[in-house]
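[1] Structural data only, the sequence is not supplied:
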């Protein structure tokens, strides 16, 4: 039931956590815009369009005269049904500061994205944009068998299962003794839903193959193309390729050797702090491990002919995966949501991934410890890319690099129950006390960009100011 108490909760809720759209609409609201937002919200699982509320925090009720008559409300609801084949309810709330109108949008049918005049819409910040291909693929795949339970090989004999899957490594990763009989090995795999009995033996699932295969190309070309690929370039661009190594083994059984190879292939780091003298490679191994694990787990497995790619340049490493993330990159450090939750859970139990939501924290922390520029996370139409950069002096960093480092440092402090200050940011950059003014300029730029805000619960003094991420 939507009432004034519900509205009060919505006014203080971060928009990222709710399927909510706030519009002032003091006098009227465009019908076409309403239809487009109904489509976008329905495609995202349903939500609410709230008219008569300011759309920028701190939100407040301003009142709306849109669709003010009962006949107008009935007409617009009928119009939405006619245009979208979607029944949207409308609720009027009488607030002390003015009338509020709430459109309650249901989710779309399973496996059927909605369109408006041929455009499948979704929200992206303040804008409505066409759905990305991977988002559409996920919707069309709803109601179909999960990719991970689909067969990689049918009617495999017991000997075939043992020959194709690295069962020895599987038990070692789980820290379990290897069973004394083959039947016990198969029983364990069946209990984990990795293999299933078939008419003439066993069906090996895609999940079993992608995690435990001794060779992915022993199953199918499609699975072989899911193997991680490592490309090493001579310089800072793709003009000269030094090495190009496609992976062969399943993600879990080959993960350790993959991380070791990438770490050993990285250039030497010439700017090593005394505190971490033992680390001589350009990129911290833990950061590489977390980013590679994230790319493997969060990729879009429905994207054909695409794989996780790890590209090493002389000044950076780029780790990318097919698909776009379900959360904004600004929230990677404090939120966790995976499109492949069962894979993520099994990878955690096998010791490949950390606990939920802790991976990016560790990457940013490692970058700070080794005095590296802030990692960057970029989302394209088809891929998500994480970048780690070689050491760079503060004086050589761009304004964008400094602001990104400031925001990430502020987030890292917040999720560890601390607050960023001028002093903590100076330490992050390796700057002395004589750089207080320069550090303040970086903080000011981050505030201007809307990434951080002052923690007014601590103090209003500029000298002792503490800062929070914009979403806190």
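    Arrived safely. In this text the structure is predicted, and so the values were computed from the model without any measurement.

[2] Now for the closest residue to residue 239 other than its chain neighbours, how many residues are close by?
    Once flanking residues are discounted, residue 239 sits nearest to residue 233: 7.7 Å by C-beta to C-beta, 6 or more residues apart in numbering. (Each C-beta comes from the backbone N, C-alpha and C, glycine too.) Per other C-beta atoms under 10 Å, the neighbour tally for residue 233 reads 17.

[3] Residue 233 contacts residue 241, correct?
    Yes - in this structure, residue 233 is within contact of residue 241 by C-beta atoms under 8 Å, at 5.9 Å.

[4] Can you give me the distance of the residue most central in space within the chain to residue 308?
    Note on the chain: the residue nearest the mean C-alpha position is residue 325, at 4.0 Å, using C-alpha atoms, centre = their mean. Look at residue 325 and residue 308: by C-beta to C-beta, to the nearest Å, they are 14 Å apart.

[5] now residue 165
    Separation of residue 165 from residue 308 (C-beta to C-beta) stands at 20 Å.

[6] and if you look at residue 331?
    Using C-beta to C-beta, we find residue 331 at a distance of 22 Å from residue 308.

[7] do residue 368 as well
    26 Å.

[8] for residue 427, same thing?
    Separation of residue 427 from residue 308 (C-beta to C-beta): 34 Å.

[9] before we move on, back to that, which of residue 331 and residue 308 has more neighbours?
    The neighbour comparison of residue 331 against residue 308 (other C-beta under 10 Å) goes to residue 308, with 24 against 18.

[10] mind pulling up the phi and psi values for that one?
    Residue 308 adopts backbone torsions of phi -70, psi 130, taken as degrees, to the nearest 10.

[11] residue contacts, residue 93?
    2, 3, 4, 7, 99, 100, 101, 102 (C-beta atoms under 8 Å, 6 or more residues apart in numbering).

[12] Apply 10 Å and report the result again.
    Listed by C-beta atoms under 10 Å, 6 or more residues apart in numbering, the contact partners of residue 93 are 2, 3, 4, 6, 7, 50, 52, 61, 99, 100, 101, 102.

[13] List phi and psi for it.
    Backbone geometry at residue 93, expressed as degrees, to the nearest 10, gives phi -120, psi 130.

[14] Any regions of the stretch 351-472 of the chain where pLDDT drops low?
    Residues of the stretch 351-472 of the chain meeting the criterion pLDDT under 70: 354-358, 458-463.

[15] Name the secondary structure element that contains residue 8.
    Assignment of secondary structure by DSSP states H and E places residue 8 within helix 4-12.

[16] who's in contact with the helix or strand following that helix?
    Going down the chain from helix 4-12, the next helix or strand is strand 20-23, by DSSP H and E. With C-beta under 10 Å, 6+ apart as the test, strand 20-23 has contacts from 10-11, 13-15, 29-30, 33-34, 37-38, 40-41, 47-57, 59, 64, 66, 100-103, 105, 123, 126, 128.

[17] where do the helices sit along the stretch 301-450 of the chain?
    With DSSP state H, counting those that start in this stretch as the criterion, the stretch 301-450 of the chain has helices at 341-349, 359-369, 399-415, 422-429, 436-448.

[18] what helices or strands is the fourth one leaning on?
    The one in question is helix 422-429. Helices and strands touching helix 422-429, as assessed by 3 or more C-beta pairs under 10 Å, 6 or more residues apart in numbering; DSSP states H and E, comprise helix 359-369, helix 399-415, helix 436-448, strand 467-469.

[19] Many thanks, we can stop here.
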